[in-house]
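**Q** Fold the following and give me the result.
(2 chains)
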Amino acid sequence: MSLELFLIVAAALFCVGLFGALTQQSIVMLMMGLELMLGGVILAAGAAWHYIAPAAADGQVLIVVAITAMAVEMAIGFAVVTALFRSREIDMTDMAAELKE
Amino acid sequence: MSTAAFWLLAVVAVASGVMVFRFDSMARATFSLLTALLCVGGELIVLGLDYLGIVTILMMTIEMAIMAVFMVMFMMNPAGLMPMTMIHNKRGAAVICALAFALLVAGILLAPWPSRQGRPPADPTMDLGMSLMGPQMLTMMTLGMALFATIVATVVLATRRGRYDRYGDELQAAPPADPVRGGVGR
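**A** Residues are numbered from 1 along each chain as shown, chains lettered A, B, ... in the order given. Predicted coordinates:
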């Protein structure tokens, strides 16, 4: 185990999540990609705390921030899906393109 | 022991992360994502962050349970009975992600990481609490305000009737047009 190994795992999770967020058409699946990306960030912050500066609590605080970002993303995402579905009956990103032109 | 745990959790995390976007069934995809995030929580415990690892595990379990409910509510194919794909621009995204991963790995391997400074405190949870209630108080207050704003915004977005429905386009209707009249009936 080393810092590099943990960071490479975190980078793999981040890139898999990025792939999902870029390719998925359904908004809920897109949010799952974002969650996976934030999971990678959490892992990287934990590794940085443990291997670089364990005496300072800043790495742990970064994890708390990332977990909060996950919760906020999830709540606002579902509220937006609910509002979109209520007004347009759509649940896919490509159908919600009124502002594209 | 911890090395074995690291490798097991890392392989399961990345594999189930990949499977999220390969399953036909969205319910299965949700539980695959749950597996990946539980492994992230396990990795935090391997790193010595017991409290944050458990918080991650508990939060992700509840979050994915809620996500499964929304899946069944909104998605056209929650059980995966009809094989279908709902993706766009797969090749472009794959190129972008492969490039991003290569860049990240190159950066990780080439960066001159600083050597470890200090040693972990006997109780990292206590350290985190003292930090959040002390020097990092601004972070904590910002997070609290962000969560409160989220509560308000979520209710505003998800509610069916807004103020224009109640008070009219000029916001001047009195009394407001509510399905059930308020007040005490006087």
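
**Q** Restricting the selection to alpha carbons, write stretch B:126-141 to CSV.
**A** Provided in CSV are the C-alpha atoms of stretch B:126-141 (Å, rounded to 0.1, in the frame of the first residue of the first chain):
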residue,chain,number,x,y,z
MET,B,126,-11.6,13.6,18.2
ASP,B,127,-9.1,15.5,16.0
LEU,B,128,-11.8,16.0,13.3
GLY,B,129,-14.4,17.2,15.9
MET,B,130,-12.0,19.7,17.5
SER,B,131,-11.0,21.0,14.1
LEU,B,132,-14.5,21.4,12.9
MET,B,133,-15.5,23.2,16.1
GLY,B,134,-12.3,25.2,16.2
PRO,B,135,-10.1,26.4,13.3
GLN,B,136,-12.4,24.9,10.6
MET,B,137,-15.6,26.5,12.0
LEU,B,138,-16.1,28.6,8.9
THR,B,139,-16.2,25.4,6.8
MET,B,140,-18.7,23.9,9.2
MET,B,141,-20.9,26.9,9.0
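
**Q** what about that stretch and chain A, touching?
**A** Yes - Stretch B:126-141 reaches chain A (C-beta under 8 Å from any C-beta of the partner chain) through B:D127, B:L128, B:M130, B:S131, B:L132, B:Q136, B:T139. All C-beta spots, glycine's among them, are computed from the backbone N, C-alpha and C.

**Q** Measure how buried the nearest residue to A:A57 once chain neighbours are set aside is and give me the count.
**A** Among residues not flanking A:A57 along the chain, B:S131 sits closest, at 3.6 Å (C-beta to C-beta, 6 or more residues apart in numbering or on different chains). Number of residues near B:S131 (other C-beta atoms under 10 Å in any protein chain shown) recorded here: 19.

**Q** What strand or helix carries B:S131?
**A** Element membership of B:S131, judged by DSSP states H and E, is helix B:124-132.

**Q** Now do that helix: distance to the chain's middle.
**A** In terms of C-alpha atoms, centre = their mean, to the nearest Å, the centre of helix B:124-132 is found 23 Å from the chain centre.

**Q** Pick out the residue in chain A sitting closest to chain B.
**A** In chain A, the residue that lies nearest chain B is A:A55 (2.7 Å; C-beta to the nearest C-beta).

**Q** Give me the secondary structure label for that residue.
**A** Following DSSP: H, G, I helix; E, B strand; the rest coil, A:A55 is assigned to coil.

**Q** re earlier: isn't the residue nearest to A:A57 up against A:V61?
**A** Yes - if you go by C-beta atoms under 8 Å, B:S131 and A:V61 touch, sitting 6.1 Å apart.

**Q** Show me where chain A dips below the pLDDT cut-off.
**A** Scanning chain A for pLDDT under 70 picks out the ranges A:100-101.

**Q** Please enumerate the helices of it.
**A** Counting by DSSP state H, the segments of chain A that form helices are A:3-23, A:27-51, A:58-88.

**Q** how big is the angle separating the last one from helix B:124-132?
**A** Going back to what we said before, that points to helix A:58-88. Between the axes of helix A:58-88 and helix B:124-132, defined by axes from the mean of the first three to the mean of the last three C-alpha atoms, to 10 degrees, the angle is 70 degrees.

**Q** re earlier: need the contact list for the residue of chain A closest to chain B.
**A** Shown in contact with A:A55 (C-beta atoms under 8 Å, 6 or more residues apart in numbering or on different chains): B:Q117, B:G118, B:R119, B:P120, B:P121.

**Q** and B:V180, how many residues sit next to it?
**A** If we define neighbours as other C-beta under 10 Å, then B:V180 has 4 of them.

**Q** That one belongs to a strand, doesn't it?
**A** No - assessed with three-state DSSP, B:V180 is coil; it does not lie in a strand.

**Q** hmm, back to that, filter the contacts of A:A55 down to the ones near chain A?
**A** Counting by C-beta under 8 Å from any C-beta, the subset of the contacts of A:A55 that neighbours chain A consists of B:Q117, B:G118, B:R119, B:P120, B:P121.
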